[in-house]
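>>> sequence and computational prediction follow.
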Amino acid sequence: MNRNNFTDLKIHGLRIDWDRISRNSYLRDIAAVSGLEELEFTSPVTFFVGENGTGKSTLLEAIAVQFGFNPEGGTKNYSFATYDSHSELYDALTLIRGARRAKWGYFLRAESFYNVATAEAEYSQMGGVPLDLHEKSHGESFLATVQENFKPSGLYLMDEPEAALSPQRQLAMLVEIAKCAEQDSQFIIVTHSPILLALPGAEILSFDEGSIHPCSYEETESYKVTEMFINEREHILDLLLR
């Protein structure tokens with residue numbers, strides 16, 4: 001993947017106006033997010049990594065909603081709602097947009113994908129070719145959605161896309177991401193997958209240690225824990241299960 005595509009990014013960065021967020025908001029208790037005023041993206045593919053509860057999905061959702069996506073996922077044309085769960089962060093967020101507008105986009109959320117699949121079936125009755133996502137396995141429906149919606153010059157926001165995918169399917173998704181990024185598309189992805197994180201040239205931002213900061217592939221907990229378990233499996237299991 002070529003980082004020279006930086007000039008074609010659909011979102012160059014963001015700013016947060018904390019005066020627009022209530023004093024008692026839970027957002028102020030998320031260390032990595034509460035200390036954030038500005039963030040710059042430097043690659044066509046950016047990964048958000050970190051332990052659960054560090055604010056990765058919260059920030060990704062705010063970016064998605066501010067850009068115009070449905071909070072539960074889908075394209076910008078999806079307007080359904082089953083549960084209003086998104087935070088007030090999006091309203092305090094300003095996106096620094098590039099000169100070139102995204103020609104297409106998709107917000108993929110693992111936790112609400114069932115609702116998106118239902119909406120897709122309903123929308124397909126109004127025209128277009130149905131993907132029949134409910135008739136596929138969870139992993140197959142994820143890949144079908146990716147293959148249908150990844151297009152050149154797009155913006156793609158993905159929250160834990162590996163959740164339904166086998167290791168082989170994660171490799172397939174990595175290839176799809178790389179190909180689409182080479183066609184002037186931008187990705188911001190929350191993931192714990194050491195397979196997806198290995199994408200060459202990607203920017204990795206860690207939310208651990210109370211701040212958002214760049215880190216290398218080998219510094220991610222996903223890589224370190226996986227490597228340790230594979231190399232010392234018997235010893236680790238003995239300690240855990242003793």
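Nice, thanks for sending it over.

>>> rest of the way, CA atoms for contacts and neighbours
Noted.

>>> show me which helix or strand of the protein is least confident by mean pLDDT.
Least confident helix or strand, the chain: helix 113-124 with a mean of 51, by mean pLDDT, DSSP states H and E.

>>> what is the burial count for the closest residue to residue 88 other than its chain neighbours?
Residue nearest to residue 88 in three dimensions, not counting chain neighbours: residue 21, with 6.8 Å by CA to CA, 6 or more residues apart in numbering. By the measure other CA atoms under 10 Å, the count of residues near residue 21 is 18.

>>> before we move on, back to that, tell me the first helix or strand C-terminal of the least confident helix or strand of the chain.
Sequence-wise, the next helix or strand downstream of helix 113-124 (DSSP states H and E) is helix 138-149.

>>> mind giving me the packing neighbours of that following helix?
Here helix 138-149 touches helix 167-181, going by 3 or more CA pairs under 8 Å, 6 or more residues apart in numbering; DSSP states H and E.

>>> okay, angle between the helix it packs on and helix 138-149 too, please.
10 degrees (axes from the mean of the first three to the mean of the last three CA atoms, to 10 degrees).

>>> the residue nearest to residue 88 and residue 34 touch, don't they?
No - in this structure residue 21 lies outside contact range of residue 34 using CA atoms under 8 Å: 10.4 Å.

>>> I'd say residue 159 and residue 193 touch.
No - checked against CA under 8 Å, the pair residue 159 and residue 193 is beyond contact range at 11.4 Å.

>>> more neighbours, those two?
Neighbours per residue (other CA under 10 Å) separate residue 159 from residue 193, with residue 159 holding more: 24 against 18.

>>> need phi/psi at the more buried one.
phi -110, psi 110 (degrees, to the nearest 10).

>>> before we move on, what about residue 237?
Residue torsions, per degrees, to the nearest 10, at residue 237 are phi -60, psi -40.

>>> low pLDDT regions in this protein?
Counting by pLDDT under 70, the chain contains low-confidence ranges at 1-7, 76-87, 110-139.

>>> how much space between residue 185 and residue 194?
Residue 185 is 22 Å from residue 194, where distance means CA to CA, to the nearest Å.

>>> and those two? which has more neighbours close in?
With neighbours defined as other CA under 10 Å, residue 185 and residue 194 compare such that residue 185 has more, 27 against 21.

>>> from what I can see the more buried one touches residue 149, true?
No - the criterion here is CA under 8 Å, and residue 185 misses it with residue 149 at 11.7 Å.

>>> now the helices for this protein?
Counting by DSSP state H, the chain has helices at residues 31-34, 56-67, 113-124, 138-149, 167-181, 221-231, 233-241.

>>> and those helices, which is most packed in?
Comparing those by mean neighbour count (mean count of other CA atoms under 10 Å), helix 56-67 ranks first with a mean of 21.

>>> just the residues contacting it, thanks.
Helix 56-67 has contacts (CA atoms under 8 Å, 6 or more residues apart in numbering) with 33, 48-50, 70-71, 86-91, 93-95, 107, 157, 159, 188-190, 207.

>>> and the residues you listed, which of them are buried?
Buried subset of the contacts of helix 56-67 (neighbour count, 16 or more other CA atoms under 10 Å): 33, 48-50, 70-71, 87-90, 93-95, 107, 157, 159, 188-190, 207.

>>> show me these that map onto strands.
If you go by DSSP state E, the buried ones among the contacts of helix 56-67 have 48, 49, 93, 94, 95, 107, 157, 159, 188, 189, 190 in strands.
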